[in-house]
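[1] just coords:
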């Protein structure tokens, strides 16, 4: 078992091709990805206690409240210091 066996990268991007490409890239390095088209879709997901991070498109049409909600959701998933990446 490696440290990535239970890690999940949550990907939010409104471009279906970018989501698919990001998933392929993450799988190529042994990471599990869950894909979402909108922050609202992500916010309905119940997170587990395993390690996770959020990769979100900066171009995704979102409100400040949705972005804050996504960050809070990751924080509730068990990590007090979540990682956030934007492309």
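    That came in fine, so what should we check first? Note that the structure is predicted; figures quoted are calculated from it, not measured. Numbers count the residues shown, from 1 in each chain.
[2] Would you map the helices across the chain?
    Assigned by DSSP state H, the chain shows helices spanning 16-28, 39-43, 64-76.
[3] Packing partners of the first one?
    In terms of contacts (3 or more CB pairs under 8 Å, 6 or more residues apart in numbering; DSSP states H and E), helix 16-28 is packed against strand 8-12, strand 32-36. Any C-beta I mention is one placed from the backbone N, CA and C, and that applies to glycine too.
[4] List the buried residues for the last one?
    If you call a residue buried by 16 or more other CB atoms under 10 Å, then strand 32-36 has these buried ones: 32, 33, 35, 36.
[5] do stretch 44-54 as well
    47, 51, 52, 53, 54.
[6] Relative to residue 40, how far out is residue 26?
    Between residue 26 and residue 40 the distance is 22 Å, computed by CB to CB, to the nearest Å.
[7] now swap in residue 12 and tell me
    As judged by CB to CB, residue 12 and residue 40 stand 10 Å apart.
[8] Compare the two (neighbour count), which wins?
    residue 12 (25 against 14; other CB atoms under 10 Å).
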